[in-house]
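Student: here's my sequence, what's the structure:
(one chain, ligands or ions: 2)
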Amino acid sequence: MPVIEANNLTKRFGPLTAVDHVSFSVEEGEILGFLGPNGAGKTTTLNMLATLLRPTSGTATVNGHDILEESDAVRRSIGFVFQDPTLDIELTGHENLDFHGRLYGLKRDVRQQRIKEILKVVQLTDRADDLVKTYSGGMKRRLEIARGLLHYPKVLFLDEPTLGLDPQTRRAIWEHIQRLNQDENITIILTTHYTEEADYLCDRIQIIDFGKIVALDTPDKLKARLEGDIVSLVFKDSAAIPKIKPLLEKKGWVRRVDEVASDNNHAAMSRMMQAMRGMASGNMGGMMPSMSFGGAAGRSKIPKHMPQKIVQGIGGGNGENGRDGGQRRLNLLVDDGGHRIPEIVKLVDRTGAVLESVELHKPTLDDVFLSVTGRNIRDERGSFMETVRRYRIVREARGQHVRG
Ligand SMILES: Nc1ncnc2c1ncn2[C@@H]1O[C@H](COP(=O)(O)OP(=O)(O)O)[C@@H](O)[C@H]1O
Ligand SMILES: [Mg+2]
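Tutor: Ligands and ions are numbered 1, 2, ... in the order given. Model prediction:
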């Protein structure tokens, strides 16, 4: 019997359908990932499965318990690590776990035994009696995972487990997650917007976009959908793109051409930082709460009266603010890409456009996401407040009081 079976789970918030008829099942021992951009509906889906949020329609069973009829049994049978940090940083690691164990009604001796055991699993034994505020971002995350496992759940939900962590710490957390899955036989459902994370960790990936599951498969099979190589072209001036795109599309050996923001996590982060600095100096006035940008159809809703500096800071990567608005690139799916590069360069050259870089790679999950949704997974489309919230998580994860 599947550990989780979801049938047409749907959640509406007013006019917004955050999760739209989502159906899937999870087998025991699996690591299943929800991969999607900010605002795709990942947290909402997890919250419904964990009975923290009631579906508008549809239902699901978790460990054989109905999420609508048997919410207590569902909650007892799962562990949950939230996207937002929820540790009490003024308590020690041990105290945080002990508090949680009491909430779940674990008897004192069972509790102490289990805390010892689980601290060892996440390798925090020697820091257990230090205040959490002295922990690094990775240690905090590990403590939250330990807390989620305290009451012996067989299923663990991880909502963006490595959000904001640096690459090295992220990798260490991945290894912890893998070990839990393999050595402790914990079934794991995780969400992420990091394609590398989904690729590395998940047995199967569901790509979710605007509340809908748009693809479900193993990472390898998802990537195998794109046959060929990706040749990625960055131009000195993005204005050249509309002229060049149709010329490439005419070539028989070009399977598809996508225009995408030439962006990465680092660039997105520095835009966010820039925006925050603008806010700190009071530039944003009272317009923040209702603002959104890079919306559903990729159209920016940045108010006209917004100071130019901040507009660039937020919307830059979407290339919607003219020439200063971040670069765009053309991604081509090409048979035998390596051999076609000279021909591509020649074609571009004849139009008079100047190439800044040419890159060749095997299709990644980023390319898969682009091919099934038509957009770059890194294009920002959460609300502004969501972006601010995530920035706080990231800053918290990076931690000011890092030690050890
Ligand atoms: N309590 C809520 N009220 C109104 N809208 C919400 C609420 N929670 C989430 N949303 C909206 O639902 C959509 C999906 O959100 P969420 O599930 O948090 O996405 P993700 O976790 O994939 O980033 C977003 O547009 C978000 O703004
Ligand atoms: Mg989320």
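
Student: which residue of the chain sits farthest from its center?
Tutor: Distance from the C-alpha centroid of the chain peaks at Arg350, with 40.1 Å (Cα atoms, centre = their mean).

Student: ok, so what distance separates it from ligand 1?
Tutor: Going from Arg350 to ligand 1 by Cβ to the nearest ligand atom, to the nearest Å gives 43 Å. Where you see a C-beta, it was placed from the backbone N, CA and C, and this is true even at glycine.

Student: for that residue, pull up the helix or strand it's in.
Tutor: Using DSSP states H and E, Arg350 falls within helix 337-351.

Student: which residue ranges of the stretch 151-300 of the chain form helices?
Tutor: Applying DSSP state H, counting those that start in this stretch to the stretch 151-300 of the chain gives helices spanning 167-183, 195-201, 219-224, 241-249, 265-280.

Student: for these, which one sits closest to ligand 2?
Tutor: Nearest of the helices of the stretch 151-300 of the chain to ligand 2, taken as Cβ to the ion: helix 195-201 at 13.7 Å.

Student: that closest one near ligand 1 at all?
Tutor: No - between helix 195-201 and ligand 1, judged by Cβ under 6 Å from any ligand atom, nothing touches; the nearest distance is 13.1 Å.

Student: contact partners of that helix?
Tutor: Helix 195-201 has contacts (Cβ atoms under 8 Å, 6 or more residues apart in numbering) with 31, 33, 35, 162, 170, 174, 177-178, 190, 192, 205, 219, 364-366, 369, 377.

Student: I'd guessed Tyr194 sits against Pro161; true?
Tutor: No - counting by Cβ atoms under 8 Å, Tyr194 does not reach Pro161; the two are 9.7 Å apart.

Student: if we can go back for a sec, of the contacts of helix 195-201, list those near ligand 1.
Tutor: Checked against ligand 1 using Cβ under 6 Å from any ligand atom, these give no members in range.

Student: which among those residues count as buried?
Tutor: The neighbour-count test (16 or more other Cβ atoms under 10 Å) applied to the contacts of helix 195-201 identifies 31, 33, 35, 162, 170, 174, 177, 190, 192, 205, 219, 364-366, 369, 377 as buried.

Student: kindly report the residues of the protein close to ligand 1.
Tutor: 13, 16, 18, 36, 38-44, 383, 386.

Student: rewinding a little: make TSV from the helices of the stretch 151-300 of the chain and add distance to ligand 2 and mean pLDDT to it.
Tutor: Converted to TSV, the helices of the stretch 151-300 of the chain look like this (distance: least, Cβ to the ion, whole Å; pLDDT from 0 to 100):
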stretch	distance to ligand 2	mean pLDDT
helix 167-183	17	93
helix 195-201	14	96
helix 219-224	21	95
helix 241-249	32	94
helix 265-280	16	49
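
Student: looking at those helices, which one is packed in the most?
Tutor: Compared across these, helix 195-201 shows the largest average neighbour count, a mean of 21 (mean count of other Cβ atoms under 10 Å).

Student: where does Arg111 land in three-state SS?
Tutor: Under DSSP: H, G, I helix; E, B strand; the rest coil, Arg111 falls in the helix class.

Student: still on that earlier bit, quick one: the residue farthest from the centre of the chain from Arg255, how far?
Tutor: Separation of Arg350 from Arg255 (Cβ to Cβ, to the nearest Å) stands at 22 Å.

Student: likewise Leu97?
Tutor: Applying Cβ to Cβ, the value for Leu97 to Arg255 is 52 Å.

Student: between the two, who's got more neighbours?
Tutor: Applying other Cβ atoms under 10 Å to Leu97 and Arg255 shows that Leu97 carries more neighbours, namely 26 against 16.
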